[in-house]
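Trainee: Please work out how this folds:
(one chain, ligands or ions: 2)
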Amino acid sequence: MSKQYDVIIIGGGNAGFGVSAVAHAAGKSIAFVENWDFGGTCPNRGCTPKKFLVAAAQTLHEIERAEVHAIKVGAPKLDWAALIKREKSMVGFIPDAMADLAMKRGDVYRGTARFTGPNTIDVDGLVLTGSNIVIATGSVPRPLPIPGAEYLATSDDVLSNENQPDEVVFIGGGVIAMEFSHVYARAGTKVTILEVAPRLLPQLDEDAVAALQAESERLGITVKTGVEVKEIVKIDGRLRVAYAIDGVDQFVDADQVVNGAGRIANVDALNLDAGNVKHDRLAIEVDGYLRSTSNPSVWVCGDALVGSAQLSPIATYEGRIVGENIVSGPSVKPEYKAIPSGVYTVPALSAVGLTEKSATEKGLNVKVTTSDMTGWFSGKTYAETVAYAKVIVDEDTDRIIGAHMVGHHSEDLIHHFAMAIRYGIPASDLKSDIFAFPTFSSDIKSMF
Ligand SMILES: Cc1cc2nc3c(=O)[nH]c(=O)nc-3n(C[C@H](O)[C@H](O)[C@H](O)COP(=O)(O)OP(=O)(O)OC[C@H]3O[C@@H](n4cnc5c(N)ncnc54)[C@H](O)[C@@H]3O)c2cc1C
Ligand SMILES: NC(=O)c1ccc[n+]([C@@H]2O[C@H](COP(=O)([O-])OP(=O)(O)OC[C@H]3O[C@@H](n4cnc5c(N)ncnc54)[C@H](O)[C@@H]3O)[C@@H](O)[C@H]2O)c1
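Mentor: Ligands and ions are numbered 1, 2, ... in the order given. Just a heads-up that it's a prediction; the model follows:
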C-alpha cells in the first residue's frame, strides 16, 4: 500500500520550501523528497557560498584603492585554500538545518523521485501517492556537446577546489562566468571568457554590460565574443580549448575550464511520460498558474520551470504561488516585472524592469538617462572605478520602467527602483523624496 499525501514536493530547494510554507500553514499533509542536500542550490552550492568568495574579492578591491585614501599597504596575497575552507565552514550547517525544517512541515523521504503514474511517484522502491505533485527539482549545467566535455568543471567545482588555478577559461559569458571571473582575476588567476553571443550577458542592458566589460578588462580578464568552442583536449596535464571566431581557428590553454554556458531544468530522471506530464524534454508545459497542461495534479516551480529567470527569490516566489494555488485552487499567476537581480561581480551589475531595447521595442514614450557617476561626490569619495546608471522612465505615465546600474552600491540601490516599479510610485515623487545625505541612495534623485 502506498502512502497518500495532499502534496508531494520533489526537491528541497527554495521552490520546494516556498510550496511547503504555504501548504503546511494550511494544514496539508506533505511528503518532501530530496536526493541530496536540503536547502538546494542557493544556500549550499550557489548564492550564499559564492558570496563569501565575492566578499574576499571586494576586500581586494578596497585594498587596491587604499592609496587614494592615503593608506599605504603591501601587495595582498589571497590564500585560496583558506578562503574555500571559510566558505565551506559558513554553509556546512545548512543541509541539516533545512532537513529539520522540512521534517517540521511533513514526512521526509531521501532518494530520487520518478513518476510511476499521474498521481504516484517511486522513491527508490517506495511508492507515494499525491493529490498534488510539485516538480521543484532545480537545474543542472547545460551539457556541452563537444569532444572533451568530460574535462569541464562546474560552479560546484569552483566552490570546492582548494587549488587556485593559474589560468582559467569560462565557456559562456553569463552570470556564473562573470562573477567567478572577478574573484579569480582579483586573486591573481588569468581568466579568459569565451562567449558564443556577440556580447557578454546577452539578457542584460547593453550599455550597462559594456561598462562592466570595460571594468573586467581593466582587471585583466580576456573577453572573446562570437566564439564557437570546438573541443577541449588534455596536453601534458593542462587543458587546451580550441575555438573559432569568424571561421579563424584559435586556442587557449588553462588549468581549469569551467562550464558557464547556462543551466537547464533538471527533469530528465523524472519519467514525466509515466506521469502524463507534457514536455519537450527541456521544458514542461504549464498554464499561467504553473500547473501542467496535461496533468492537473502536477505543478512546476523554480529553476525546473522554463521561461522565468533562474533566481533564488523567484524560486521561492513561484513555490509560494504553487502552494497558494494548491490550497485555494488555481487563482494566482506570477508577475515578474519588478524583480531586481544582481550580477555579483566587483563592482556588481544590478537591474530591474525593462532594458532600453525592450522598452523601445514596446513602442513606449521613454526618457532614458545615463550617468557616469565616478565624478559625482560619492563616486569620488570612495574612488569608484566604475559607477554607471541608466534609468528609463515612461514619460506618458511618469513611472520608472527600468533601471540598470554598475557599481555605486547598485546591489542595494536597485531595490528603490524595484519598489517604485512594483508599487507604481511616480518617478517625480521618487525624485523629490527626502534621502539621508551624503549617501549613495541620495544620488538616485540625480539619476533620472
Ligand atoms: C553558482 C551559482 C550561483 C548562484 N547565485 C545566485 C545569486 O546570487 N542570486 C540568485 O538569486 N540566484 C543565484 N543562483 C540561482 C539559484 O541558486 C537558483 O535559482 C535556485 O537555487 C533555484 O532553486 P530551486 O528550488 O528551483 O532549485 P534547487 O535549489 O536546485 O533545488 C532542487 C532540489 O531538487 C533536488 N532534486 C532534483 N531532482 C530530484 C529528484 N528526482 N528527486 C529528489 N530530489 C531531486 C536537488 O537535489 C535539489 O536539492 C545561483 C546559482 C548557481 C549555480
Ligand atoms: N547573481 C545571480 O543571480 C546568479 C549567479 C549565478 C547564477 N545564476 C543563475 O544561474 C543560471 C546559470 O548561470 P550561467 O552563467 O551558467 O548562465 P547564463 O544564462 O547567465 O549564461 C550562459 C551564457 O553562456 C553562453 N553560451 C551558451 N552556450 C555556449 C557555448 N556553447 N559556447 C559559449 N557560450 C555559450 C550564453 O550565450 C550565455 O551568455 C543563470 O540563469 C542565472 O540566473 C544567478
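
Trainee: Please identify the helix or strand for V183.
Mentor: helix 175-187 (DSSP states H and E).

Trainee: err, Q164, not the other one
Mentor: Following DSSP H and E, one finds Q164 outside all helices and strands.

Trainee: which phi and psi does it have?
Mentor: phi -80, psi 120 (degrees, to the nearest 10).

Trainee: didn't it look like it was pressed against T189?
Mentor: Yes - counting by CB atoms under 8 Å, Q164 does reach T189; the two are 6.2 Å apart. (Glycine included, C-beta is placed from N, CA and C.)

Trainee: between the two, who's got more neighbours?
Mentor: T189 (22 against 18; other CB atoms under 10 Å).

Trainee: That one contacts V169, correct?
Mentor: No - look at T189 against V169 with CB under 8 Å: they stay out of range, at 10.8 Å.

Trainee: any idea which element the nearest residue to L83 once chain neighbours are set aside lies in?
Mentor: Among residues not flanking L83 along the chain, A56 sits closest, at 5.4 Å (CB to CB, 6 or more residues apart in numbering). For A56, the element it lies in under DSSP H and E is helix 47-64.

Trainee: Buried ones in that helix, by neighbour count?
Mentor: By neighbour count on 16 or more other CB atoms under 10 Å, the buried set for helix 47-64 is 47-50, 52-54, 56-58, 60-61, 64.

Trainee: now stretch 131-151
Mentor: For stretch 131-151, by 16+ other CB under 10 Å, it's 132-139, 141, 144, 146, 148.

Trainee: quick one: terminal-to-terminal distance for it?
Mentor: Taking CA to CA, to the nearest Å, stretch 131-151 runs 43 Å from one end to the other.

Trainee: So for it, mean pLDDT?
Mentor: Averaged across stretch 131-151, pLDDT comes to 98.

Trainee: Flag every residue of the stretch 51-200 of the chain that's near ligand 1.
Mentor: When proximity is defined by CB under 6 Å from any ligand atom, the stretch 51-200 of the chain lies next to ligand 1 at 112-113, 136-138, 155, 176.

Trainee: List, out of those residues, those positioned next to ligand 2.
Mentor: Filtering those for proximity to ligand 2 by CB under 6 Å from any ligand atom leaves I176.

Trainee: on that earlier part again, what's the distance between the residue nearest to L83 and ligand 1?
Mentor: Here the criterion is CB to the nearest ligand atom, to the nearest Å. By it, A56 lies 15 Å from ligand 1.

Trainee: ok, that residue touching H182?
Mentor: No - when contacts are counted by CB under 8 Å, A56 is not listed as touching H182 (10.7 Å).

Trainee: circling back to that earlier point, give the contact list for the residue nearest to L83.
Mentor: Contacts for A56 (CB atoms under 8 Å, 6 or more residues apart in numbering) come out as 78, 83, 183, 187.

Trainee: JSON lines for those residues, including pLDDT and distance to N259?
Mentor: Output for the contacts of A56, formatted as JSON lines (pLDDT from 0 to 100; distance: CB to CB, whole Å):
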{"residue": "L78", "pLDDT": "97", "distance to N259": "24"}
{"residue": "L83", "pLDDT": "98", "distance to N259": "22"}
{"residue": "V183", "pLDDT": "98", "distance to N259": "17"}
{"residue": "A187", "pLDDT": "97", "distance to N259": "20"}
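
Trainee: Looking at those residues, which is nearest G262?
Mentor: The closest of those to G262 turns out to be V183 (CB to CB; 19.8 Å).

Trainee: For that closest one, give its distance to ligand 2.
Mentor: Note on V183: its distance to ligand 2, by CB to the nearest ligand atom, is 12 Å.

Trainee: isn't D246 right next to G226, touching?
Mentor: Yes - counting by CB under 8 Å, G226 is a contact partner of D246 at 6.9 Å.

Trainee: So if I had to pick from the two, which one is more boxed in?
Mentor: Just comparing D246 and G226: by other CB under 10 Å the higher neighbour count belongs to G226, 13 against 7.

Trainee: Now that one, what are its backbone angles?
Mentor: Here G226 shows phi and psi, under degrees, to the nearest 10, equal to phi 60, psi 40.

Trainee: any idea of the mean pLDDT for stretch 22-41?
Mentor: 98.

Trainee: Which parts of it count as buried, going by neighbours?
Mentor: Using 16+ other CB under 10 Å as the test for burial, stretch 22-41 gives 22-24, 28-41.

Trainee: do it and ligand 1 meet?
Mentor: Yes - Stretch 22-41 reaches ligand 1 (CB under 6 Å from any ligand atom) through 33-36, 40-41.

Trainee: With respect to ligand 2, which of those is nearest?
Mentor: Closest to ligand 2 out of the residues of stretch 22-41 next to ligand 1 is T41 (8.4 Å), distances taken as CB to the nearest ligand atom.

Trainee: For V277, see how far away that closest one is.
Mentor: Distance from T41 to V277, counting by CB to CB, to the nearest Å: 22 Å.

Trainee: can you give me the strands in the stretch 201-350 of the chain?
Mentor: 222-224, 227-235, 238-245, 248-254, 256-259, 263-265, 298-300, 341-343, 349-353 (DSSP state E, counting those that start in this stretch).

Trainee: Taking helix 175-187 as reference, get the angle to the last one.
Mentor: Per axes from the mean of the first three to the mean of the last three CA atoms, to 10 degrees, the angle that strand 349-353 makes with helix 175-187 is 160 degrees.

Trainee: do the same with the longest one
Mentor: Strand 227-235 and helix 175-187 meet at an angle of 60 degrees, taking the same axes, to 10 degrees as the criterion.

Trainee: Can you list the strands that strand 227-235 pairs with?
Mentor: In the sheet, strand 227-235 lines up against strand 238-245 (antiparallel) (DSSP bridges).

Trainee: any idea of the mean pLDDT for the partner strand?
Mentor: 98.

Trainee: Ok, stretch 287-306 next?
Mentor: Stretch 287-306 shows a mean pLDDT of 98.

Trainee: Offset the numbering so it begins at 55, please.
Mentor: Done: numbering now begins at 55, and the last item shifts to stretch 341-360.

Trainee: Just the buried residues of that stretch, please?
Mentor: Within stretch 341-360, the residues scored as buried using 16+ other CB under 10 Å are 343-346, 348-349, 351-360.

Trainee: domains in the protein, as residue ranges please.
Mentor: Split into domains by automatic domain parsing, the chain comes to 57-102+139-195+318-382, 203-315, 401-500.

Trainee: And those domains: which comes nearest G128?
Mentor: domain 203-315 (14.6 Å).

Trainee: From start to finish, how long is the closest one in a straight line?
Mentor: This stretch, domain 203-315, spans 12 Å end to end (CA to CA).
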